[in-house]
Structures are given as C-alpha cells and as structure tokens.
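Engineer: below: sequence and its predicted model.
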Amino acid sequence: MTTTIVAGRSHEVNVPSAAKVFIAVLWRDIYVTSRQLPSFFARVALQPLLLLFIFGRVLTSLGYASADYASLLFPGILGLTLAMSAVQSIAVPLTMDFGWTKELEDRLLAPMPVWLLGLEKLVFAAVNALIAAVLTVPAGLLILWSIPWRTDGIPLLIAVLVLGSLASAAIGLTLGVIVPPARIGMLLTVIFTPLLFTGASQYPWPSLSGMRWFQILTAANPITYISEGLRAALVPKVPHIPSWICLAALAGSTVLLGGIGLWGFGRRAFD
C-alpha cells in the first residue's frame, strides 16, 4: 500500500502484490485458452494421436506389430503430447512476442518483476501440457479400445506428468528466447522434429543397447525421461529407465533450462 499527497490531501492507493498479479495474469491466459480448447488440442495433439493410430492400431491390426506394442506405445505418445504441447505453447508465441507482435510490452508494465512474468509463461505452458495430456487419455482409449492403467502407478504418473510439463515448458522458454523471430521456421522443423523422434516415445530406451550412439543421443533429450517415467508408472514390465532417474533428470532439466530461459527472458525483455 502506498500513500500519495494531492493538494494537501493524502490518498491511499492499493498496489496489488506481485503474487496476486502473477495469479491474475496466469488465470487470464488459462481462461483465454479454455475458450479455444478444441483448436488448441487439435493443434498440439493431432500429430501424436496420428502416430498412435498408425503404429498402435493399424500396424498391429495388419500383423506388422504385436498387440503388446500398443501398450508400450501409449505411455510414449502420452509423454510426447505432454512435451510438445508445453514447447509449442511457449516457444512460438514467445518468439513472435519478442519479434513483431510486441504483445509482451503490455505485460511488462504489470507491477511484478520481469523474471516473474517469464515464470508465468512457463507455468502457463505447463498447465496447457497437463490439459493436453488429460485429453489424450480418452482419445487413446477411443483409438486403441484399451489402454494400460495401474492404480498403484498413479502417484508416479502424476509426478512424471507434473515434472515433465515443467521441464518441457523450460525447453520451450529457452528456445523462445534464443531463436530469433526470423528463424521461427527453423524452430518448427529443425528443432521440433529431432525432439519428436529422439524422445523414446515409440520405443523403450533400454532396447537401444545395440545402437549405443543413438541411445546416448536420446539420453540427452529430456522427453526420453517423460516417456520412460510414464512406462514405469503404466507398464512396469516393459524394460525402462528406473523411475528415480527419470524424476531426477526431469527436475534437473527444469532447474537448469528454466534458469537459462528466465535469464534469457530478462535480457530480451530489457532489450
């Protein structure tokens, strides 16, 4: 609360706290997205669900893949949808905001630190990812007719989804502040495509032991630990990376990439 003096009279002006402003901005973004939920889900989940249909339904029906492959594939597609939703929800809009739309300039006038505005972008992308993941479950059930599910795995499932959404949002934030607006096409093709196919969504990571170089490459992708963590929660009989390693890797990725992204966000905002 601050006090201003005008013509000999004092007036108390209520200045909202940074936390209240953060929640208000976050809620506004969520509300706007909720009004466009069908188009949002189609934009972020169409490609993963098509992969699930082709690999999990078509190929298994034709006999080119075993019926068990669909159970192995679903956790990976769930993780892929989560990750790509978070990355796309922040990377492309942020690149455009810093480029030609300048929409971010209005947000920078809000009474909260610049880094907190960057954190709001990250949390908003994570919320979007969680919504997309929740919607993927009934969509997967519709496509495959049955999906793997374990009540005992729910705590691990929730932990992987939350940490995975934050880690993926941190990836998107970092990309959004690093990639120049003129290179937005590169962001969509050169970066997103490798993330899509090196995240162990279509295969268990331990099965790559015969291709050591590719196994090392996929280990550098945080999405791998989302896919493997979800397999540990839903289909633990399938060989997978230990769940504690997945959680530690996702937490570390969130801190490291989130820190880099927030630092870059502050620099771009002041520029």
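Structural biologist: Arrived safely.
Engineer: okay, CA-based contacts and neighbour counts for the rest of this
Structural biologist: Noted.
Engineer: in space, what's closest to T218 - neighbours in sequence excluded?
Structural biologist: T198 (5.0 Å; CA to CA, 6 or more residues apart in numbering).
Engineer: now swap in L78 and tell me
Structural biologist: L78 sits nearest to A133 (CA to CA, 6+ apart), 6.1 Å away.
Engineer: so which helix or strand takes in the one you found?
Structural biologist: helix 114-144 (DSSP states H and E).
Engineer: which is the next helix or strand following that helix?
Structural biologist: By DSSP H and E, the next helix or strand past helix 114-144 is helix 154-178.
Engineer: buried ones in that following helix?
Structural biologist: Going by neighbour count (16 or more other CA atoms under 10 Å), the buried part of helix 154-178 is 156-157, 160-178.
Engineer: which other helices and strands does that helix contact?
Structural biologist: helix 68-96, helix 114-144, helix 222-234, helix 243-270 (3 or more CA pairs under 8 Å, 6 or more residues apart in numbering; DSSP states H and E).
Engineer: can you list the weak-confidence ranges in the chain?
Structural biologist: 1-16, 99-111, 187-188, 271 (pLDDT under 70).
Engineer: got a list of what the most centrally placed residue in the chain touches?
Structural biologist: Centroid-nearest residue in the chain: A86, 2.5 Å away (criterion: CA atoms, centre = their mean). Contact analysis of A86 by CA atoms under 8 Å, 6 or more residues apart in numbering lists 125-126, 128-129, 165-166, 168-169, 172.
Engineer: repeat that for V25.
Structural biologist: E120 are the contacts of V25 under CA under 8 Å, 6+ apart.
Engineer: that one and G118, how far apart?
Structural biologist: According to CA to CA, to the nearest Å, V25 and G118 sit 11 Å apart.
Engineer: checking the residue nearest to A70 when sequence neighbours are not counted next. Helix, strand or coil?
Structural biologist: Excluding its sequence neighbours, the residue lying closest to A70 (CA to CA, 6+ apart) is G56, at 4.5 Å. Under DSSP: H, G, I helix; E, B strand; the rest coil, G56 falls in the helix class.
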